[in-house]
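Colleague: Sequence and predicted structure below; questions after.
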Amino acid sequence: MINIFLIYTDLGGKDMIKVHVQSEQVRRNIDLFQKVVQHFKNSTEKKAVPTYVNRLTGAMRFSDKAGVEEREWKPLIMQIDLSKHELLVSEGSRDVFTYDDLEPTAYRIMSETFHVLEELAHEVHDLKELAQFELEPAMPSLQSRDCIHEAWHQVDRVGAEELLKEQTAGVYLFRKDTYAHMLERELTLALKTPVKCLTLSYTDDHYQVHDLTLVSFQGRWLIYNDDPNLSGRSYRTISDLLASITPKLMKALLHPVMV
């Protein structure tokens with residue numbers, strides 16, 4: 001899954017963004033992107049970046065067409081518009097990017113890479129700042145959360161309800177809503193250490209959809225209960241936390257590429 005923390009540290013009156021990403025291939029993609037934008041001279045205008053993605057692995061190349069075999073590498077165009085804090089991805093004359101001709105691994109890697117870049121585009125104000133963020137090593141305490149990865153869905157509340165409405169009681173999925181994004185940043189700033197927030201959406205015995213905000217802090221998991229000190233009951237693993245929830249959670253709704 002994607003594990004992103006935007007950490008703001010005061011360095012001589014200037015903030016620095018630190019980004020944690022678990023997937024090694026996503027990290028390599030982001031690192032290459034960072035090297036590309038360092039060469040842009042104008043720091044505010046919209047930039048289009050010619051890009052290729054490996055259809056099998058999800059690896060990215062930022063280069064011209066020379067030496068690229070299109071049966072192996074899919075061309076796309078990434079546009080970073082920091083005036084609107086947007087990342088736009090398209091392919092050739094098409095206004096959208098399609099995943100249909102990517103293998104499942106490539107699909108996952110690309111969707112995670114785009115999500116990281118979208119997060120950064122929301123937070124920074126010029127390309128110089130985008131080029132200077134710090135990509136930190138992955139956090140070992142979050143590396144083995146396969147159950148989150150498999151049930152991760154990039155949807156909002158309406159999308160979660162749509163996915164869960166036909167499911168039986170106790171089915172759940174993981175996502176990240178606007179509140180979880182804001183809370184993650186606020187807690188990280190207040191506690192001066194990385195904090196991870198996720199949204200758990202699930203169906204109860206009456207087939208109603210509920211949301212809980214889950215927090216990972218210092219190697220423990222807990223359900224957020226409006227306590228900024230995170231002093232409530234915590235669990236060693238996400239599985240232990242899920243087992244504590246009433247009504248009982250019975251089944252994860254797997255991401256399509258994981259089925």
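Modeller: Nice, thanks for sending it over. Residues are numbered from 1 along each chain as shown.
Colleague: Do you have the helices of the stretch 101-250 of the chain handy? List them.
Modeller: 104-123, 127-131, 146-150, 157-164, 178-191, 238-243 (DSSP state H, counting those that start in this stretch).
Colleague: Let's have those helices in CSV, adding mean neighbour count, mean pLDDT and distance to Ile80.
Modeller: No exception for glycine: its C-beta is placed from N, CA and C like everyone else's. As requested, the helices of the stretch 101-250 of the chain are exported to CSV (neighbours: other C-beta atoms under 10 Å; pLDDT from 0 to 100; distance: least, C-beta to C-beta, whole Å):
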stretch, mean neighbour count, mean pLDDT, distance to Ile80
helix 104-123, 20, 80, 6
helix 127-131, 19, 67, 7
helix 146-150, 17, 76, 27
helix 157-164, 16, 92, 25
helix 178-191, 16, 92, 20
helix 238-243, 16, 89, 33
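Colleague: how much space between Ser234 and Leu183?
Modeller: Distance of Ser234 to Leu183, computed by C-beta to C-beta, to the nearest Å: 16 Å.
Colleague: neighbours of the residue lying closest to Glu184 once chain neighbours are set aside, just the number please.
Modeller: The shortest distance from Glu184 to any non-neighbouring residue, by C-beta to C-beta, 6 or more residues apart in numbering, is to Cys197 (4.0 Å). Residues lying near Cys197 (other C-beta atoms under 10 Å) number 23.
Colleague: just Arg236 next, same as before
Modeller: Residues within reach of Arg236, counting by other C-beta under 10 Å, total 10.
Colleague: Next up, the contacts around it.
Modeller: Gly219, Arg220, Trp221 (C-beta atoms under 8 Å, 6 or more residues apart in numbering).
Colleague: For those residues, which entry has the maximal number of neighbours?
Modeller: Trp221 (22 neighbours).
Colleague: Can you point out the buried residues in the strand or helix carrying Val36?
Modeller: When elements are assigned from DSSP states H and E, Val36 belongs to helix 24-37. Using 16 or more other C-beta atoms under 10 Å as the test for burial, helix 24-37 gives Gln25, Val26, Arg27, Arg28, Asn29, Ile30, Leu32, Phe33, Gln34, Val36, Val37.
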